[in-house]
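*Asks:* Curious how this folds, go ahead:
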Amino acid sequence: MTTTDASLTTIAVGGPAPYDVLVGPGAARHVVSALPDAASVAVVHDERLGELAAPVAAALHAAGRRVEVMVVPSGEQAKTLEVVARLWDDFAGAAVTRSDAVVAVGGGATTDVVGFAAATWLRGVRVVHVPTTLLAMVDAAVGGKTGINTSAGKNLAGAFHPPAAVLVDLDLLTALPAHEWVNGMAEVVKAGFIADPVILDLIGSDVAGAALPTGPSTRALVERSIAMKAHVVAADLKEAGPREMLNYGHTLGHAIERHESYTIPHGHAVSIGMVFAAELARVADRLDDATADRHREVLDDLGLPTSYARDAWPSLLETMRMDKKARGGTLRFVVLDGLGKPAILAAPDDDLLLAAYREVSS
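*Replies:* Coordinates of the predicted model:
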């Protein structure tokens, strides 16, 4: 899509289904230009975010689109097959055809489930994401991964379905609670460790500012994180190669989320998972002490958790063996061989895993 709005930054995501991410104040108002030829549009929002979704629906309506507004539960409770089935029925009722579209307004759970519903309705209709949290802006809404949870684990049912556009409206961050911003900062920190150390330098130079959605480095942190992910997914949409590095901290993180019945914030779980991955690389003699220690320092400074219950290990290990990155029951972890140098550690010995977990257990 094209825009003449000088206040916006356009980050192109290449690959087999290219699209743009627009970043800046007021980006959400460009939803009409993102869908120039859709006759019917379903606007689906988190049940708490009707006020944020209303201007999006109004803009589409004013442009002559037929608009139906739909609601999904908040957070991970939305990511169920029952919610998807209800959305399918709602899409049918709204006469959403293959030439029409869906717009998701909400956090990462909302973009995950709405994206999956769009990917599977009529074998795929367009979806535009309007992420409302930092976590969704820098991670969930970008990259084309969609999914829901099952009793066996997180995001085990899903599809790759790149959006038609992502509208990262920085104005939406002004209403974001500080704890939600900090939750999303885990994914920003991840981007720093695996690919863009400048992010870590920005955080370190002003930790207090980095811990707030109104800090002076907000736009830079958001844009650099999105640009990193855009570069990776453009080269590897379906996680056949380098995209796997984006799962840094997520193997243990997803296991913790399931262990907590998805009541722990995603960023908190990933924060613990990154510290574990750093310790695993350290005990495997692959990562230097300074970089391993920096994980805990940066995350602690931001107020993110860096330890987890010691007695949870047997359950976590069992869940990790069901992780999407496992191959034939063989565990695979994204680790670092140095700052900005992600790699894979396959089939680590159980004693090595336990030694690493002891360093993050409390």
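
*Asks:* ok, Glu68 - contacts?
*Replies:* Neighbouring residues of Glu68 by CB atoms under 8 Å, 6 or more residues apart in numbering: Ser40, Val41, Ala42, Val43, Asp90, Gly93, Ala94. All C-beta atoms are positioned from the backbone trio N, CA, C, and that covers glycine.

*Asks:* how much space between it and Leu60?
*Replies:* 10 Å (CB to CB, to the nearest Å).

*Asks:* go on, Ala230?
*Replies:* 26 Å.

*Asks:* what's the least confident helix or strand in the chain, going by average pLDDT?
*Replies:* The helix or strand of the chain with the lowest confidence, counting by mean pLDDT, DSSP states H and E, is strand 153-160 at a mean of 94.

*Asks:* What pairs with that strand, parallel or antiparallel?
*Replies:* strand 145-150 (antiparallel) (DSSP bridges).

*Asks:* domain ranges for the chain?
*Replies:* Under the assignment automatic domain parsing, the domains of the chain span 9-175, 178-236+248-358.

*Asks:* Kindly reformat these as TSV and extend each row with distance to Thr3.
*Replies:* Listed next are the domains of the chain as TSV, based on distance: least, CB to CB, whole Å:
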stretch	distance to Thr3
domain 9-175	6
domain 178-236+248-358	15
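
*Asks:* Which one of those domains lies nearest to Pro242?
*Replies:* Of all those, domain 178-236+248-358 sits nearest to Pro242, with 5.1 Å by CB to CB.

*Asks:* what's the straight distance from one end of that closest one to the other?
*Replies:* 30 Å (CA to CA, to the nearest Å).

*Asks:* how far does it sit from the chain's center?
*Replies:* Its chain's C-alpha centre and that of domain 178-236+248-358 lie 13 Å apart, by CA atoms, centre = their mean, to the nearest Å.

*Asks:* who touches both of Glu68 and Leu60?
*Replies:* Both Glu68 and Leu60 are in contact with Val41, Val43, where contact means CB under 8 Å, 6+ apart.

*Asks:* Paired strands for the helix or strand just after the least confident helix or strand of the chain, with orientation please.
*Replies:* Note on strand 153-160: by DSSP states H and E, the next helix or strand toward the C-terminus is strand 165-169. Strand 165-169 pairs in its sheet with strand 19-24 (parallel), strand 126-131 (parallel), by DSSP bridges.

*Asks:* which residues touch the first one?
*Replies:* I take that to be strand 19-24. 1, 3, 5, 7-13, 30, 142, 162-170, 219, 222-223, 226, 230.
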